[in-house]
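Asks: give me a 3D structure for the following:
(chains A and B)
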Amino acid sequence: MKLMEMNHVQKSFDGVSVIKDISLSVEEGEIVSIIGPSGSGKSTLLRCATMLETMDSGELIYMGEKAAWNDGSGKMLYASKKDLKKIQENYGLVFQNFNLFPHFSVIKNITDAPISIQKRDRKETYQTGRELLKKMGLEDKENAYPCQLSGGQCQRVAIARALALNPKILFFDEPTSALDPELTGEVLKVIKSLADLDIAMVIVTHEMAFARDISHRVIFMADGVIVEEGTPEVVFASDNERTRSFLGRYGEMLK
Amino acid sequence: MSVSMMVSQLAAGMFVSIQIFVVTLIFSLPLGMIVAFGRMSKNPLLQGIVKVYISIMRGTPLMLQLMVVYFGPYYLFGIKITNSYRLWAALIGFVINYAAYFAEIYRSGIQSMPVGQYEAAKMLGYGKVQTFFKIILPQVIKRILPSVTNEVITLVKDTSLAFTISVLEMFAIAKALASSQTSLIPFAAAGIFYYVFNLVVAVGMDYAEKKLAYYQ
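Replies: Have a look, this model is predicted:
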């Protein structure tokens, strides 16, 4: 079943068209990487999918439920607040710059939303939180504050925080772009370890080797359109001129 | 008049000064938050009204504002001013003046918050009210504490302006005693009072800042 579906999405900022008619869907458990040059609309697409940005036109569907659509006259409509809240529970987002809550300890960052929003049992949530931290290799950091952690540790906490809400899809918006190569490695390792959790993942990334290794499907975007999509083998060995020029030396190496 | 008699009279004034200080804070701190929201409102009419209000409060002397609040009801509506209205007028004047200043401090704090905090809260399912009270406000308080300290210290000294509408607070009594007794002791006592009062305020606020220093 399709977890998420975007149809003919368009978005422009101040008259500059950033996304030009993109359609995209994600199946259960699927791992999709979105690659492409900066300014190609990757992040905007993710922000439209997560409704941090409103789309100008198109359709957004989660689990068969419409979150946003065009009415007959082409006007954009969004579902009611109540419905959106429910739809939102299907997905989580990991930001480029983590956006942890600095005044909350690590464990509170992870458990506060499940407890105070989803009204889950406190004890159980803390236990889940600790298990997640262990999975992230941060079991000794539960009482630390974000300012005491490295960037890589912060991002792992942010991933745990998103996972604590049991999303069906997890979006990653360039999760390692703010990190040095060493820290990048530890975060990518954690993301890879999620592959067997059966959560669908949509990852906007500039880490080509990572995208190739982890993805079921790679989407190459440029200038607001999907230029190419397919299995990593197909996209990374593509003969498409635009894809080739983006992948550059990296593509040559793989060929 | 003996020194001890002077001191007991000054003590009565001290009590009124502290009263003005405490009441002003209790009402202007929350009122400032409401004003700040009005100032940041997307409704241009509300925003405009609040802007004018803040502009007047900051642009005219507090002394004048106290007089307007005190004498205004008589000149504008012909209401007879009673003696007991004095203190009320001072309190009202201080509260609406300080609310304007606090509002601008809150606004600066709220607008300095990175948008990512709101986005992260939204992604985790926090509603608008929860986001504000759980995520934004605690961080704003930490950010604005030094500015608030400044304002609170100014308030301690500003309470002396109530003497312009003959509220018998510390400074009014010190001035009266100084001229009737031809002595500088009342002024010295007043000076020490304001200084010690502010020292306590500064130490208290410093403690609060340290309490909030557990994160960055």
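Asks: which pLDDT value goes with A:Leu254?
Replies: Note for A:Leu254: predicted pLDDT of 55.
Asks: residue ranges of the helices in chain B, please?
Replies: B:3-39, B:44-59, B:62-77, B:85-111, B:115-123, B:128-130, B:137-158, B:170-180, B:185-211 (DSSP state H).
Asks: output those helices in a markdown table, with mean pLDDT and mean neighbour count appended to each entry.
Replies: All C-beta atoms are positioned from the backbone trio N, CA, C, and that covers glycine. A markdown table is the format used below for the helices of chain B (pLDDT from 0 to 100; neighbours: other C-beta atoms under 10 Å in any protein chain shown):
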| stretch | mean pLDDT | mean neighbour count |
| --- | --- | --- |
| helix B:3-39 | 92 | 17 |
| helix B:44-59 | 97 | 14 |
| helix B:62-77 | 91 | 15 |
| helix B:85-111 | 95 | 21 |
| helix B:115-123 | 96 | 18 |
| helix B:128-130 | 94 | 12 |
| helix B:137-158 | 95 | 17 |
| helix B:170-180 | 89 | 19 |
| helix B:185-211 | 92 | 15 |
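Asks: right, so of these, which gets closest to chain A?
Replies: helix B:115-123 (3.7 Å; C-beta to the nearest C-beta).
Asks: ok, A:Ile34 - contacts?
Replies: By C-beta atoms under 8 Å, 6 or more residues apart in numbering or on different chains, A:Ile34 lies in contact with A:42, A:45-46, A:202-205, A:218-219, A:221.
Asks: thinking again about what came up before, for A:Glu186, find the nearest of the helices of chain B.
Replies: helix B:115-123 (21.2 Å; C-beta to C-beta).
Asks: that closest one close to chain A?
Replies: Yes: counting by C-beta under 8 Å from any C-beta of the partner chain, chain A is contacted by helix B:115-123 at B:116-117, B:119-123.
Asks: around chain B, which positions in the stretch 151-255 of chain A sit nearby?
Replies: A:161-162, A:165.
Asks: counting neighbours, which of the residues you listed comes out on top?
Replies: Neighbour counts for those (other C-beta atoms under 10 Å in any protein chain shown) peak at A:Arg161, which has 29 neighbours.
Asks: what's the closest non-adjacent residue to it?
Replies: Spatially, and ignoring its direct neighbours in sequence, A:Arg161 is nearest to A:Ile110 (4.8 Å; C-beta to C-beta, 6 or more residues apart in numbering or on different chains).
Asks: work out which residue lies at the spatial centre of chain A.
Replies: By C-alpha atoms, centre = their mean, chain A has its centre lying nearest to A:Phe171, at 1.5 Å.
Asks: ramachandran angles for it?
Replies: Dihedral angles phi and psi of A:Phe171 (degrees, to the nearest 10) take the values phi -100, psi 140.
Asks: the one 3 residues further on now?
Replies: For A:Glu174, the backbone dihedrals (degrees, to the nearest 10) come out as phi 40, psi 60.
Asks: neighbours of the closest residue in space to it that isn't next to it in sequence, how many?
Replies: Excluding the flanking residues, the one nearest A:Glu174 by C-beta to C-beta, 6+ apart is A:Gln96, at 4.5 Å. Using other C-beta under 10 Å, the number of residues around A:Gln96 comes to 17.
Asks: if we can go back for a sec, and the residue nearest to A:Arg161, what is it in contact with?
Replies: A:129, A:132-133, A:157, A:160-161, A:164.
Asks: now, those that are in strands?
Replies: Per DSSP state E, strands hold no members of these.
Asks: excluding chain neighbours, what is closest to the residue lying farthest from the centre of chain B?
Replies: The C-alpha centroid of chain B is most remote from B:Met123, which lies 37.4 Å away (C-alpha atoms, centre = their mean). Among residues not flanking B:Met123 along the chain, A:Leu93 sits closest, at 4.7 Å (C-beta to C-beta, 6+ apart).
Asks: quick one: contacts for the one you found?
Replies: A:46, A:50, A:52, A:162, A:170-173, B:123.
Asks: pull the most distant pair out of these.
Replies: Taking C-beta to C-beta, no two of those sit farther apart than A:Leu52 and A:Leu170, at 14.8 Å.
Asks: thought the residue farthest from the centre of chain B was touching A:Gly92?
Replies: Yes: B:Met123 lies in contact with A:Gly92 (C-beta atoms under 8 Å); the separation is 6.3 Å.
Asks: ok but the residue nearest to A:Arg161 is inside a strand, no?
Replies: No: read with DSSP: H, G, I helix; E, B strand; the rest coil, A:Ile110 is helix and lies in no strand.
Asks: ok, it to A:Gln155 distance?
Replies: As judged by C-beta to C-beta, to the nearest Å, A:Ile110 and A:Gln155 stand 13 Å apart.
Asks: quick one on the thing from earlier: can you pull the contacts of the residue farthest from the centre of chain B?
Replies: A:50, A:52, A:88, A:92-93, A:162.
Asks: which one of the contacts of A:Ile34 sits closest to B:Asp206?
Replies: A:Leu46 (44.2 Å).
Asks: wait, a strand at the closest one?
Replies: No: counting by three-state DSSP, A:Leu46 is not found in a strand; it is helix.
Asks: show the pLDDT at it.
Replies: For A:Leu46, the predicted pLDDT is 94.
Asks: for the stretch 1-150 of chain A, which segments count as helices?
Replies: A:42-49, A:81-88, A:106-116, A:122-135 (DSSP state H, counting those that start in this stretch).
Asks: let me have these in a markdown table, extended by distance to A:Ser73.
Replies: As requested, these are exported to a markdown table (distance: least, C-beta to C-beta, whole Å):
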| stretch | distance to A:Ser73 |
| --- | --- |
| helix A:42-49 | 21 |
| helix A:81-88 | 22 |
| helix A:106-116 | 38 |
| helix A:122-135 | 45 |
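Asks: need the contact list for the residue nearest to B:Tyr118 when sequence neighbours are not counted.
Replies: Spatial nearest neighbour of B:Tyr118, chain neighbours left out: B:Thr131 (6.3 Å); criterion: C-beta to C-beta, 6+ apart. Neighbour list for B:Thr131: B:118, B:121-122 [criterion: C-beta under 8 Å, 6+ apart].
Asks: quick check, pLDDT for B:Thr131.
Replies: 96.
Asks: enumerate the residues of chain B near chain A.
Replies: Going by C-beta under 8 Å from any C-beta, the residues of chain B near chain A are B:114, B:116-117, B:119-126, B:130, B:134-135, B:138-139, B:142, B:214-216.
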